Every structure is written in C-alpha cells, then in structure tokens.
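J.: build me a model from this:
(one chain, ligands or ions: 1)
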Amino acid sequence: MRLRPIAVAAGCGLLAACSRAPKPRTPTPRVRTDLPRVAVIPVPMRLTERGDAPFVVSAATSIIADSTNAEMQRSVMPFVSILRTSTGFALPVMNAGNATPITLPANLDTLRRNAIVFRLITFIAPDPLGSEGYTIRVDRDTVLIQASSGAGLFHGMQTVRQLLPYRVEDQHSAYKSQVSWTIPSLTIEDMPQFRWRASMLDVARHFFTVDEVKQLIDILALYKLNTLHLHLADDQGWRIEIKSHPELAAMGSVSEVAGNGSGYYTQADYAELVRYAADRYVTIVPEIDMPAHINAGLISHPELNCGKRPPAVYRGIDVGFSAICPDSAGTYALLEDVIREISAMTPGGYFHMGGDEVQALTATQYTSFIERVQGIVRSNGKRAIGWEETGKAHLDSSSIIQLWIGDSLRAGNNLPNDVIVSSGPRLYYDMKYTPDTELGLRWAGYIDLRKAYDWDPLRDLKGFAPSRIIGLEAPMWSETARNITAAEYLIVPRVTALAELSWSPASRREWDSYRKRVAAQGPRWNLLGINYHRDPAIPW
Ligand code: TNX
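T.: Residues are numbered from 1 along each chain as shown. You can find the predicted model right below:
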C-alpha cells in the first residue's frame with residue numbers, strides 16, 4: 001500500500017513555524033468490498049434483498065412510534081438515542097398510535113416519507129412469529145419494523161443496527177459527516193429457533209463488578225440472547241448478599257482464584273443488574289451451586305460441613321471436595337432463607353440449584369438433597385434448573401436439566417424434562433481456542449470458531465429426544481479470566497456462534513457465510529471497546 005503524502009501548507013516544516021495552518025484531514029472510513037453488505041448475526045430466518053434504492057438516514061429522517069407505550073419506550077427509545085449520537089441527526093419522534101395492524105407488504109405510500117417506523121401490532125390469533133419475532137421492510141422511503149411484543153421490536157432493532165454501517169457504534173467520533181447512513185432495501189421475517197438463548201458468567205472464581213456484568217449483557221443483547229445465568233457461589237467465593245445471613249457474603253467473598261481479589265453484590269447491586277438486563281430483554285437466572293462447590297458458604301457455617309476438607313478460604317481450582325451436610329436440619333433452614341431471598345429479588349421464573357461434581361456424599365444423600373432443594377425452589381415459585389447430574393434424582397416435570405459434560409446426557413436421558421444444552425466440547429467459552437491461545441482450560445478439548453459453529457444441536461447430540469431441547473447456553477467459567485477483558489477474549493467471537501445456533505434454523509446456517517459476517521463485526525467490536533480473539537479462520 002502506498003502512503004499518501006501529508007499535505008503541508010507553504011512555509012511549514014517540521015521545525016519551521018506555519019504561516020498558514022494546514023487543513024485537517026478527515027480520514028475516510030475504510031469500506032471493505034470483500035464482505036457482504038448485509039452481515040447480520042444471527043442470520044434471520046427469511047431475508048430477501050431486493051436490490052432497489054436503499055433507505056438513507058439523513059437530517060430529514062424522523063422516527064414514527066407510539067412513544068407513549070411503555071414497551072415501545074423500553075425497546076425502541078434507547079436505540080433512537082444511540083442513532084442520534086452516532087449520526088448527529090435530530091431524528092424527531094412523531095407519535096403514532098397502533099390502532100390498525102398492518103400486514104406485509106404494507107401500503108407504504110400512506111406512511112410518511114423518510115421515516116423509520118416502529119409498530120407494536122396486535123394479533124387476534126397467536127403471532128406466527130412467536131413472542132420474540134419481528135418483521136422489517138426497508139425501501140427508499142421507509143424502514144418499517146413491526147412486532148407483537150417489545151422483545152420482538154428490540155430484536156428487530158438489533159438487526160437494523162447491524163444493517164447500518166458499523167460506524168453506528170461510534171458514540172464519540174468527530175467524523176460522522178463522512179458516513180453515508182444507508183440501509184439496503186430488503187424484507188426480513190425473523191423468529192428464534194429456541195427460546196433459551198443464554199450465557200453463564202461464573203462470578204465466584206473471579207468476581208466481576210456490576211459494570212463488567214453490564215458490558216456482558218450489552219454483548220448478549222446485540223446478538224439476541226435473552227438469558228444471563230449468574231453462577232453466584234462456588235468454593236472460591238460467595239457473591240450475593242443474603243440479608244438474613246450477612247455472614248455468608250461477609251466471610252465468603254474475600255477470595256478469588258490465585259489472587260487477592262474479593263467482592264460480592266449487595267441486593268441493591270443485584271437489583272440494578274436485574275433492571276439493566278430487563279431493559280435489554282435479558283432474564284437473569286441466579287445459581288447457588290450445591291451440595292458441592294459450596295466451600296465459601298461453609299466458611300461462616302463450619303457446623304454444616306460434610307466435605308473432605310475443613311472450610312477455609314480456597315484459591316485453587318480443584319472441584320468436588322466440598323459439601324453441605326445433606327442430613328442436617330440446619331442445612332435446609334439456611335437454604336430456605338437463601339433461596340427465598342434470591343427468588344424474591346429475581347423476577348425471572350428460574351432458580352439454578354447447581355448439583356454438579358459431588359464427591360463427598362453417597363448417591364442416596366445426593367438424590368435426597370436435590371429432591372429436597374427442588375421442593376424449596378418450587379415453593380418459592382421458581383422452576384428448578386440443575387446440572388445434568390441432577391437427572392439421577394426424582395425431578396419434578398417442571399425442572400430443567402442442563403447437559404454439560406459431553407454430547408449426551410449421563411443421567412436423566414429417559415426423563416421427560418426440558419434440557420438446556422451446554423455441551424463442554426462445543427459450548428464452553430472457557431476452553432482454549434487452540435493450544436497456543438493464552439487463557440482457558442482444556443479438559444473438554446480445544447474449541448476454535450469453526451468447532452463452535454459447525455454442528456447442529458438437534459442432530460449431533462445423542463441418547464435423548466431432541467424435542468426436549470429448549471435451547472443453548474454457553475458457560476464462562478472464570479478460573480483463568482480475572483476480569484471482563486479476559487472473559488471477552490474467550491467469549492467473543494464464540495458468542496456469535498452460540499447466537500446463530502440458538503436463533504437461526506439449521507437450513508440458514510452456513511460456515512462460509514458466517515465467517516464473512518463475523519469479519520464484519522470486528523470494526524463494531526473495536527468501536528464498542530470489546531476485546532476478542534482474532535480467530536485465523538475469519539477474514540478480519
Ligand atoms: C466443570 S461445568 C464445572 C465447573 C468448572 C468447569 C471448568 C460444571 C457444571 N462444573 O465447576 O469451572 O468445569 O471448565
């Protein structure tokens with residue numbers, strides 16, 4: 001590449017003073033012509049590019065939306081304000097009620113010219129696109145986004161965001177005027193394949209601040225994931241305030257893996273996370289892992305120890321050695337309080353009771369413990385979720401099993417219960433990409449982006465009925481990730497594979513198309529300040 005000479009005004013030199021100030025050069029944003037202009041992740045269920053004149057957002061563009069509607073406020077208005085900052089245009093909101101549902105293709109002539117129109121439509125029968133689907137129609141005059149729910153509008157808006165030039169992510173630049181804010185003419189009908197589209201964050205092995213967790217929630221929302229599972233307690237840390245037992249967090253949160261870090265969420269912090277997530281249509285699922293992985297909780301309750309080691313601050317990464325006594329009445333009194341308080345501050349319908357990797361108890365002690373805790377969860381109005389080992393117990397039909405060890409269930413494969421797929425060899429964010437990448441573990445193998453993407457959960461898992469799968473969840477175990485920058489390196493770009501596998505139908509997924517669409521995300525991540533692994537299979 002030849003560098004263009006820098007223009008220097010007459011009389012200026014490196015040492016000589018300028019007689020006339022040189023005109024500042026505004027860099028022209030680089031436009032990649034080898035990447036598809038429409039590069040949406042997850043790929044929509046149906047998308048037709050029409051090749052007509054695009055819509056161009058300009059100083060004359062307005063937004064038409066029923067801004068008095070609360071769902072509309074929540075789903076659309078934050079995007080409008082991002083768009084105002086990135087384009088520098090006023091984008092006034094014109095109010096429009098939602099009285100008459102319109103179907104695609106709409107009679108767009110009757111709508112205002114040069115407008116982005118959001119409509120929350122009411123169906124008499126159930127919406128064929130479900131509770132999270134949406135449609136988009138773009139032509140020269142109008143961008144029309146319709147859905148029957150706030151979640152649908154929100155997901156539709158994430159699509160519009162990705163259809164706009166990547167500079168839409170730039171909330172600071174002085175060079176906005178260089179960008180042509182085009183949206184290609186197209187029609188989209190979209191809905192998710194699975195309703196459970198989740199990531200887990202282990203805040204126990206390393207603690208993540210409220211702001212760090214918010215950064216992760218933003219990433220999930222961009223790719224239409226709707227659930228964040230927080231692993232709130234493990235051997236190395238108890239990270240949630242329990243008002244009736246303040247000693248749990250006070251004594252249990254003072255350590256991390258291999259370091260002096262500490263920390264826990266107050267109930268106010270947790271409420272803030274719940275609210276931030278809900279504003280982005282993300283549900284928080286809390287987990288207290290038990291009966292093992294409980295060392296940090298036992299530091300303040302040594303009388304309930306049934307593990308192989310006396311409870312003391314633990315900074316290693318062994319698993320399975322701790323256990324809370326399954327035969328003590330004190331255990332259930334404590335757990336009732338913990339589950340009640342966490343359930344009360346969790347609007348989502350789930351409580352995760354852990355249940356993995358227990359070495360210190362007999363099989364009977366384990367199953368009776370799980371059954372008892374499942375009952376406490378149910379009596380607090382939540383559906384219980386357990387790691388796959390809980391399939392050895394008598395589960396209520398409402399309880400959910402989370403597959404993690406491999407590509408088949410080791411317990412509960414004949415049960416009717418719903419299954420969340422978190423297959424270690426495909427979905428664990430904490431597995432190294434290759435032997436050479438710095439962070440991560442390797443017990444389930446290396447997971448480069450192709451391995452993360454190129455499979456089909458409905459076809460490639462064995463030993464249980466695929467109809468039981470309610471969705472996918474990728475866990476970010478944090479033994480090797482000490483902060484969100486490190487976690488992002490492991491999560492991104494694999495989160496896009498998770499998003500596409502859980503949202504898009506198999507018939508629409510294709511590695512070569514996906515690789516290019518991932519490449520198109522890189523400039524967005526740079527502007528958003530998201531750290532990511534530059535997987536060599538991607539034409540970055
Ligand atoms: C297994 S997955 C665990 C975690 C570890 C993880 C590390 C599961 C239910 N248990 O305790 O952090 O491996 O990859």
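J.: in stretch 302-316, which residues are buried?
T.: 304-307, 311, 313-314 (16 or more other C-beta atoms under 10 Å). For the C-beta atoms, the positions are set from N, CA and C on the backbone; glycine is no exception.
J.: how many neighbouring residues does Ser300 have?
T.: The number of residues packed near Ser300 is 18, by other C-beta atoms under 10 Å.
J.: could you do Pro246 as well?
T.: 11.
J.: helix or strand for Ile116, which one?
T.: Assigned by DSSP states H and E, Ile116 belongs to strand 115-120.
J.: in the stretch 1-150 of the chain, which residue sits closest to the ligand?
T.: The ligand sits closest to Pro42 of the stretch 1-150 of the chain, with a gap of 24.6 Å, by C-beta to the nearest ligand atom.
J.: what residues are up against that residue?
T.: 223-224, 496, 499-500, 502-504 (C-beta atoms under 8 Å, 6 or more residues apart in numbering).
J.: out of everything not next to it in sequence, what's closest to Gly445?
T.: The shortest distance from Gly445 to any non-neighbouring residue, by C-beta to C-beta, 6 or more residues apart in numbering, is to Pro425 (5.0 Å).
J.: surely the one you found meets Trp443?
T.: No: checked against C-beta atoms under 8 Å, the pair Pro425 and Trp443 is beyond contact range at 9.7 Å.
J.: which SS class is Leu458?
T.: Of the three states, Leu458 takes helix according to DSSP: H, G, I helix; E, B strand; the rest coil.
J.: contacting residues for the residue in the stretch 401-540 of the chain positioned nearest to the ligand?
T.: Residue of the stretch 401-540 of the chain nearest the ligand, by C-beta to the nearest ligand atom: Trp477 (3.5 Å). Taking C-beta under 8 Å, 6+ apart as the criterion, Trp477 is in contact with 202, 205, 231, 428-430, 441.
J.: pick out the most distant pair among these.
T.: His231 and Leu441 (15.2 Å; C-beta to C-beta).
J.: rewinding a little: now the residue of the stretch 401-540 of the chain closest to the ligand: how far from Gly348?
T.: Trp477 sits 21 Å away from Gly348, going by C-beta to C-beta, to the nearest Å.
J.: with Ser399 instead?
T.: For Ser399 relative to Gly348 (C-beta to C-beta), the value is 15 Å.
J.: more neighbours: the two, which one.
T.: Ranked by neighbour count (other C-beta under 10 Å), Ser399 and Gly348 place Ser399 first, with 24 against 19.
J.: leaving out chain neighbours, which residue sits closest to the more buried one?
T.: Among residues not flanking Ser399 along the chain, Ala384 sits closest, at 4.4 Å (C-beta to C-beta, 6+ apart).
J.: what about the helix or strand of the chain with the lowest mean pLDDT, distance to the chain center?
T.: Sorting the helices and strands of the chain by mean pLDDT, DSSP states H and E puts strand 93-95 at the bottom, at a mean of 85. Centroid separation for strand 93-95 versus its chain: 31 Å, with C-alpha atoms, centre = their mean, to the nearest Å.
J.: contacts for it next, please.
T.: Identification of contacts with strand 93-95 by C-beta under 8 Å, 6+ apart yields 62-68, 77, 80, 112, 115.
J.: that one pairs with which strands?
T.: When pairing is defined by DSSP bridges, strand 93-95 lines up against strand 62-65 (parallel).
J.: name the next helix or strand downstream of the strand it pairs with, please.
T.: helix 70-87.
J.: related to what we said a few turns ago, now do the same for the residue of the stretch 401-540 of the chain closest to the ligand: its pLDDT.
T.: Model confidence at Trp477, given as pLDDT, is 98.
J.: what pLDDT does the residue nearest to the spatial centre of the chain get?
T.: In the chain, the centroid-proximal residue (C-alpha atoms, centre = their mean) is Leu220; its distance is 2.4 Å. The confidence metric pLDDT takes the value 98 at Leu220.
J.: can you count the residues close to the residue nearest to Gly445?
T.: 17.
J.: in PyMOL, how would I select just the buried ones from the contacts of Trp477?
T.: To isolate the buried ones among the contacts of Trp477 in PyMOL, judged by 16+ other C-beta under 10 Å, type:
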select buried, resi 202+205+231+428+429+430
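J.: restrict the contacts of Trp477 to those near the ligand?
T.: For the ligand, the contacts drawn from the contacts of Trp477 by C-beta under 6 Å from any ligand atom are 428, 430, 441.
J.: thought the first one was touching Gly445?
T.: Think Tyr428. No: the criterion here is C-beta under 8 Å, and Tyr428 misses it with Gly445 at 9.0 Å.
J.: tell me which parts of the stretch 251-400 of the chain are close to the ligand?
T.: Residues of the stretch 251-400 of the chain lying close to the ligand by C-beta under 6 Å from any ligand atom are 319, 356-357, 387.
J.: out of the residues you listed, which sit inside helices?
T.: Among those, DSSP state H puts none in helices.
J.: please pick the buried ones from the residues you listed.
T.: 356-357, 387.
J.: name the residues contacting each of Pro425 and Trp443.
T.: Jointly contacting Pro425 and Trp443 under the rule C-beta under 8 Å, 6+ apart are Met431.
J.: where does the prediction get shaky in the chain?
T.: Applying pLDDT under 70 to the chain flags the ranges 1-31, 97-112, 174-175.
J.: same thing but 80
T.: Where the chain drops to pLDDT under 80, the residues are 1-32, 67, 95-112, 173-177.
J.: hey, where'd the helices end up in it?
T.: With DSSP H as the criterion, the chain has helices spanning 70-87, 150-163, 210-222, 246-252, 267-278, 295-298, 329-344, 363-379, 424-427, 449-453, 457-460, 484-491, 494-503, 511-528.
J.: need the winner for burial among the ones you listed.
T.: Mean neighbours per residue, mean count of other C-beta atoms under 10 Å, is largest over the helices of the chain for helix 295-298, with a mean of 28.
J.: pull it out as CSV, backbone CA atoms only.
T.: Only the C-alpha atoms of helix 295-298 are listed here, as CSV (Å, rounded to 0.1, in the frame of the first residue of the first chain):
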residue,chain,number,x,y,z
ASN,A,295,-16.8,-24.1,50.4
ALA,A,296,-17.1,-20.3,50.5
GLY,A,297,-20.6,-20.6,52.1
LEU,A,298,-19.3,-23.0,54.7
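J.: helices or strands up against that helix?
T.: Contacts defined by 3 or more C-beta pairs under 8 Å, 6 or more residues apart in numbering; DSSP states H and E place helix 295-298 against strand 227-234, strand 237-238, helix 246-252.
J.: go again with 6 Å.
T.: In terms of contacts (3 or more C-beta pairs under 6 Å, 6 or more residues apart in numbering; DSSP states H and E), helix 295-298 is packed against strand 237-238, helix 246-252.
J.: now Tyr532. Nearest residue, chain neighbours left out?
T.: The shortest distance from Tyr532 to any non-neighbouring residue, by C-beta to C-beta, 6+ apart, is to Val492 (3.8 Å).
J.: about what we covered before: just put the helices and strands packed on helix 295-298 in CSV and tack on distance to His394.
T.: Shown next, in CSV, are the helices and strands packed on helix 295-298 (distance: least, C-beta to C-beta, whole Å):
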stretch, distance to His394
strand 237-238, 29
helix 246-252, 29
